[in-house]
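> The following block contains a protein sequence and its predicted model.
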Amino acid sequence: MTVTRFAPSPTGRLHVGNIRTALHNWMYAQKAGGRFLLRIDDTDAERSEERYVEAIRADLAWLGLIPDIEVRQSQRFASYEARFAELVAGGHVYPAYESAQELDLKRKIQLGRGLPPVYDRAALALSEEDRAKLEGEGVRPHWRFKLDHGAAIEWEDAVRGPQRFDPATMSDPVIRRADGTWLYMLPSVIDDIDMGVTQVVRGEDHVSNTALQIQMFQALGAELPRFAHAALLTGNEGKLSKRLGSLGVDHFREIGIEPQAVRALLARIGTSDPVEPVADMAPLIAGFDFSRFGRAPARFDEAELAQLNARILHQTPYAAVADRLPTGMGDAEWEAVRPNLNTVAEAADWWQVIEGPVEAPEPAEDDCAYLAQAAAVAGQIDWNSDPWHALTAALKDATGRKGKTLFLPLRLALTGRAKGPDMAALLPLIGRDRTIARLNG
Ligand code: GLU
């Protein structure tokens, strides 16, 4: 059974990068017929907030990325404690007593000598008595995971291909603070083991964490999940943009972006497949494959999202939006205006154009008689089939006008705007009486 997990820390709102990771996890599980887990990484009680947990749930629901299960790290401390005890017993973790300032100084000295700032394992050299003395002085240890320097850490990443890290070049990671609280690294591994996670899908900022975590899986005698690290998102300018960190579901909703558009874009950017305006996730899921992911950063372009949103709306059936349209607006009205929409909210503007009243600009002098004539013709044509063509054909014959001079004064008088939906679709909806009244000014 394939199991993926999305593991946000509830210390803020989801941004577009997190959303993309959630989507990848969801799509992968969907394709495999597996399970998608939401894991709230709330071991940091000080920075985690309940309102963010709720916002994460709401954002995922809006996006249609519904987790099969939700778990919270804050409810799993007993498991972490038990596994930690195993690691202590197995000699895989050790207490360290350096203060943050001491560690900082060590790093500075190493850097000054041109050495990599790797933890020197001084704590491992402490004797039983040294430790007792420190603890007697009230120094509480933090805990480090002891990396096995025996062999390179290797895995085949589903996106990045073969990966190799030399553990001797890495610091033994701190997994537990002096006050007993957990850092993210070990709880995540314990959860992945206990929840049977088969595929860890996250951003490439976690690649070196993966190297460390692989040794934790091994120290706990567990099988490794597979790993996929997607290249990060960049903004339009091509660099990591601050703006991306603030773009999330609230912003998308506010500017009228549909969840389908967010999904369609984020499912494909950074892959070798084209971004396409598909509302239905089924084809996107069917084609989802980490081997299509590129190594270069994926570019997120807000203008592209807006465009995709419009193109998806242009195909959206009435039933899918009916409850968000003005009362009275029916299927025919939706079909008539939808090719012109950037957002669903704009449908209300066109509904107003259909229903009236419409504020038309004062017609040009040459057009006054023309519009009066149009009103007369509108009274005579057959309104049951294609009145727009009947009206304009009759006016063309009668006046010799064509092109813009034939059509534009009519459009302006009838809709108050120079541009808009196809008049052939709009006119039957405006109807005979309103048409005549508007043409008469
Ligand atoms: N809470 C971690 C984060 O948001 C989870 C990383 C992971 O997927 O393991 O970065």
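Yes, it's here.
> Just the element for the residue in the stretch 201-350 of the chain that the ligand sits nearest to, please.
Going by CB to the nearest ligand atom, the ligand is nearest to residue 202 of the stretch 201-350 of the chain, at 4.0 Å. C-beta here means a position set from N, CA and C on the backbone, and glycine is covered the same way. Under DSSP states H and E, the secondary-structure element containing residue 202 is strand 199-203.
> what about residue 37, which SS state?
Secondary structure assignment for residue 37 (DSSP: H, G, I helix; E, B strand; the rest coil): strand.
> State the number of residues packed around it.
22 (other CB atoms under 10 Å).
> Bridge partners for it, pull those for me.
Counting by DSSP bridges, residue 37 is bridged to residue 5, residue 69.
> and the strand or helix carrying residue 320, which residues are buried?
Following DSSP H and E, one finds residue 320 within helix 318-321. For helix 318-321, a neighbour-count test (16 or more other CB atoms under 10 Å) marks residue 321 as buried.
> residues contacting the residue of the stretch 201-350 of the chain closest to the ligand?
When contacts are counted by CB atoms under 8 Å, 6 or more residues apart in numbering, residue 202 touches 7, 21, 228-230.
> what's the answer for residue 430, then?
Contacts of residue 430 by CB under 8 Å, 6+ apart are 353-354, 356, 414, 438.
> repeat that for 6 Å
Residue 430 is in contact with residue 354, counting by CB atoms under 6 Å, 6 or more residues apart in numbering.
> Okay, buried residues for the helix or strand hosting it please.
Here residue 430, judged by DSSP H and E, is contained in helix 423-439. For helix 423-439, the neighbour count (16+ other CB under 10 Å) marks 423, 425-430, 434-435, 438-439 as buried.
> Low-confidence regions, this protein specifically.
In the predicted model, the chain carries pLDDT under 70 at residues 237-241.
> Okay, helices next: where are they in the stretch 201-350 of the chain?
Using DSSP state H, counting those that start in this stretch, the helices of the stretch 201-350 of the chain run over residues 207-219, 242-246, 249-254, 259-268, 281-286, 302-313, 318-321, 331-337, 346-355.
> Just say which of the ones you listed is most tucked in.
For those, the largest average neighbour count (mean count of other CB atoms under 10 Å) is found in helix 259-268, namely a mean of 23.
> who's in contact with that helix?
By CB under 6 Å, 6+ apart, the residues outside helix 259-268 that reach it are 20, 23, 62-64, 252, 275, 278-279, 284, 305, 308-309, 312.
> Dump the C-alpha coordinates for that helix into PDB.
C-alpha atoms of helix 259-268 as PDB (Å, rounded to 0.1, in the frame of the first residue of the first chain):
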ATOM      1  CA  PRO A 259      -8.600  25.600  -7.100                       C
ATOM      2  CA  GLN A 260      -8.600  23.700 -10.500                       C
ATOM      3  CA  ALA A 261      -6.200  26.300 -11.900                       C
ATOM      4  CA  VAL A 262      -3.900  26.200  -9.000                       C
ATOM      5  CA  ARG A 263      -3.800  22.400  -9.300                       C
ATOM      6  CA  ALA A 264      -3.300  22.300 -13.000                       C
ATOM      7  CA  LEU A 265      -0.400  24.800 -12.800                       C
ATOM      8  CA  LEU A 266       1.300  23.300  -9.800                       C
ATOM      9  CA  ALA A 267       1.000  19.800 -11.100                       C
ATOM     10  CA  ARG A 268       3.000  20.600 -14.200                       C
END
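> so that helix versus helix 302-313, what angle?
If you take axes from the mean of the first three to the mean of the last three CA atoms, to 10 degrees, helix 259-268 sits at 120 degrees to helix 302-313.
> Tell me the residues of the protein that contact the ligand?
7-9, 41, 184, 188, 202, 206 (CB under 6 Å from any ligand atom).
> how about the nearest residue to residue 222, chain neighbours excluded?
Among residues not flanking residue 222 along the chain, residue 193 sits closest, at 4.4 Å (CB to CB, 6 or more residues apart in numbering).
> now, among the buried residues of helix 423-439, which is nearest to the ligand?
The closest of these, once distances to the ligand are taken by CB to the nearest ligand atom, is residue 425, at 48.2 Å.
> Contacts only, for the closest one.
For residue 425, the contact set (CB under 6 Å, 6+ apart) comprises residue 336.
> repeat that for 8 Å
By CB under 8 Å, 6+ apart, the contact list for residue 425 reads 335-336.
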